[in-house]
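Enquirer: Provide a 3D model corresponding to the input given below.
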Amino acid sequence: MSIEWPAHGLKLQARIESGSAIIGVIGMGYVGLPLAVAFGEAGCPVLAFDVDQAKIDALEAGESYIKHIDAARIAPLVANEKLRATADLARLGEADVVLICVPTPLTRHLEPDLKYVELTTQAIAKTLRRGQLVILESTTYPGTTREVMQPILEAEGLVAGKDFFLAYSPEREDPGNPTFSTTKIPKVVGADDTVSADLALGVYRHIVPQAIQVSSAATAEAVKITENVFRAVNIALVNELKLIFTAMDIDVWEVIDAAKSKPFGFMPFYPGPGLGGHCIPIDPFYLTWKAREYNQHTKFIELAGQINADMPQHVVRVLADTMDARFGRGLRDARILVLGVAYKKNVEDIRESPSLRLMEMIEARGATADFFDPHVAQIDNTREHPTLNFRDGIAWDEAEIARYDAVLIATDHDAVDYAALVEAAKLVVDTRNACAKAGVVSDKVVRA
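Expert: The predicted structure is shown next:
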């Protein structure tokens, strides 16, 4: 049965197809900025929103504050007025399409904290007009678009799917990944009415190789949760295997590298000191929380979360035991250098980084924990780690490295000279197998 489109829906569709629809992107972080740049480079006019005036000032000057987004991509967009930036949310009515890319953290009780989504939706509602399309990209639990956003947007009388349009499309950013950037990753789109879905598909077809429609917004939300639960569970599995194989004197990295030679039935995941970033440590708990509403229990997911959360304790225990065995001392009064505070290699993002917890745990044992990171000069103001706030990293100095009792490799940045590190250090505890991957073999190196 054919669907009758409202007139303002047809007008928006024409603007989207012609590339003249103004794309508003709220949140100029690791998701929003690449998205805004991608639309601008595709020829679409972009209006970028953020409450952080420093980010707006940087964008208006044609500058970038995210290392893997080159300023050379931003400056011409600003010069050609394809990208404009503002902190004034009263201008949201100027956008034909509004994409929401704001954080969705957890509370201290591991429950969803949707305050940024709710506040952003309330701001949109104040200027919402007929013919606008609103798309949530932030990761969340199934039902958020329909149950949380839609009532706020409809509070003044406009109806979703008739007067304005509403959809969900999960972000799939992998910061620092040179192979899969924003414009090379297929997009999943879900909406609860056909017109909203078709409009959203049309928007993303400007920038991605494939836009895949699913049956509802909740289904699209479930896709994102599933992707991140899959990674969290498999990382927990290899973390547990690492403990088991280490007890058996078997190299887990060698096992994984050999297993991945199988062309089917196996996908390599690698152990580490814990989980970091804005997605994998957080998103599974969104599903856990929502599942309780349906009297379902996520035992497998919660067990995986516990295994990953316990990894920093294992790492600190190996560090302390190794120092005791090598030097006849534990961690008290020791000086430890943590190499890498970013949550993954080759980026500057420290959100949920296990390195921060490692530093706190090391200092709780009476040691001093400094850090070196080629991408992070200072630990920003964090809610979870107040004792580390505004701490500066050290400069790379092999003579200075030699003065530390041990170096703990928590993030395996490519920019580090691991041979020089091992040469200078008294002891290296490697949680990422970084030294072996760099071809550095030494009895100074202990893997954890």
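Enquirer: correct me if wrong: residue 312 contacts residue 275.
Expert: No - between residue 312 and residue 275 there is no contact under Cβ atoms under 8 Å: 10.0 Å. (C-beta placed from N, C-alpha, C; glycine too.)
Enquirer: give me the more crowded residue out of those two.
Expert: residue 275 (27 against 23; other Cβ atoms under 10 Å).
Enquirer: flag the shaky bits of the chain, pLDDT-wise.
Expert: The model of the chain has pLDDT under 70 over residues 1-2, 277-278.
Enquirer: what about the closest residue in space to residue 206 that isn't next to it in sequence, how many neighbours?
Expert: Sequence neighbours aside, residue 42 is the residue nearest to residue 206 in space, at 4.5 Å (criterion: Cβ to Cβ, 6 or more residues apart in numbering). Counted with other Cβ under 10 Å, residues neighbouring residue 42 total 16.
Enquirer: what ranges does the stretch 251-400 of the chain have for its strands?
Expert: Along the stretch 251-400 of the chain, counting by DSSP state E, counting those that start in this stretch, strands occupy 335-339, 368-372.
Enquirer: out of those, nearest to residue 121?
Expert: strand 368-372 (37.7 Å; Cβ to Cβ).
Enquirer: can you give me the strands in the stretch 51-200 of the chain?
Expert: Using DSSP E, counting those that start in this stretch, strands in the stretch 51-200 of the chain cover 83-86, 97-100, 133-136, 165-168, 187-190.
Enquirer: ranking those strands by burial, who's on top?
Expert: strand 165-168 (a mean of 29; mean count of other Cβ atoms under 10 Å).
Enquirer: which strands and helices sit next to it?
Expert: If contacts are counted by 3 or more Cβ pairs under 8 Å, 6 or more residues apart in numbering; DSSP states H and E, strand 165-168 sits against strand 133-136, strand 187-190, helix 194-204, helix 217-247.
Enquirer: please state the offset of that strand from the chain centre?
Expert: Chain-centre distance of strand 165-168: 22 Å, with Cα atoms, centre = their mean, to the nearest Å.
Enquirer: give me the contacts around that strand.
Expert: Under the contact criterion Cβ atoms under 8 Å, 6 or more residues apart in numbering, strand 165-168 has outside partners 9, 12, 132-137, 144-145, 149-150, 153, 160, 189-193, 195-197, 199-200, 217, 220-221.
Enquirer: go again with 6 Å.
Expert: Contact with strand 165-168 is made by 133-136, 145, 160, 190-191, 196, 199-200, 217, 220-221, as judged by Cβ atoms under 6 Å, 6 or more residues apart in numbering.
Enquirer: which residue, other than its chain neighbours, is closest to residue 241?
Expert: Per Cβ to Cβ, 6+ apart, closest to residue 241 is residue 252, 5.7 Å.
Enquirer: swap that for residue 34, please
Expert: Per Cβ to Cβ, 6+ apart, closest to residue 34 is residue 182, 4.4 Å.
Enquirer: show me the beta-bridge partners of the nearest residue to residue 134 once chain neighbours are set aside.
Expert: Distance criterion Cβ to Cβ, 6+ apart; nearest residue to residue 134, sequence neighbours excluded, is residue 98 at 4.8 Å. Beta bridges link residue 98 to residue 24, residue 134, judged by DSSP bridges.
Enquirer: on that earlier part again, so which of the strands of the stretch 251-400 of the chain comes closest to residue 69?
Expert: strand 368-372 (24.0 Å).
Enquirer: quick revisit: surely the residue nearest to residue 34 touches residue 36?
Expert: No - using Cβ atoms under 6 Å, residue 182 is not in contact with residue 36, being 9.7 Å away.
Enquirer: counting neighbours, go ahead and name the busier of the two.
Expert: Each of residue 182 and residue 36 has its neighbours counted (other Cβ under 10 Å); residue 36 has more, 33 against 22.
Enquirer: wait, a helix at that one?
Expert: Yes - the assignment for residue 36 is a helix, going by DSSP: H, G, I helix; E, B strand; the rest coil.
Enquirer: so who does it touch?
Expert: Each residue near residue 36 by Cβ under 6 Å, 6+ apart is listed here: 25, 46, 48.
Enquirer: relative to residue 22, how far out is it?
Expert: Look at residue 36 and residue 22: by Cβ to Cβ, to the nearest Å, they are 12 Å apart.
Enquirer: enumerate every residue touching residue 276.
Expert: Residues near residue 276 by Cβ under 6 Å, 6+ apart: 343, 352-354.
Enquirer: quick one on the thing from earlier: export the contacts of strand 165-168 as a markdown table, with columns for distance to residue 66.
Expert: What follows is these, written out as a markdown table (distance: Cβ to Cβ, whole Å):
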| residue | distance to residue 66 |
| --- | --- |
| 133 | 26 |
| 134 | 25 |
| 135 | 22 |
| 136 | 21 |
| 145 | 27 |
| 160 | 33 |
| 190 | 28 |
| 191 | 29 |
| 196 | 30 |
| 199 | 29 |
| 200 | 25 |
| 217 | 28 |
| 220 | 26 |
| 221 | 26 |
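Enquirer: next, give me the two most distant ones among the residues you listed.
Expert: Counting by Cβ to Cβ, the most remote pair of these is 199 and 221, 18.2 Å apart.
Enquirer: between these two, which has more neighbouring residues?
Expert: For residue 199 versus residue 221, the count of surrounding residues by other Cβ under 10 Å is larger for residue 221: 29 against 26.
Enquirer: verify the contact between the more buried one and residue 142 for me.
Expert: Yes - in this structure, residue 221 is within contact of residue 142 by Cβ under 6 Å, at 4.4 Å.
Enquirer: one step back: between the contacts of strand 165-168, which is closest to residue 18?
Expert: Distance to residue 18, by Cβ to Cβ, is smallest for residue 199 among these, at 13.4 Å.
Enquirer: so that closest one sits right up against residue 133, yeah?
Expert: Yes - counting by Cβ under 6 Å, residue 199 touches residue 133, with 5.1 Å between them.
Enquirer: buried residues, stretch 376-392. List them.
Expert: For stretch 376-392, burial by neighbour count (16 or more other Cβ atoms under 10 Å) applies to 376, 379, 382, 385, 388, 391.
Enquirer: so of those residues, which two are at opposite extremes in space?
Expert: 376 and 385 (13.4 Å).
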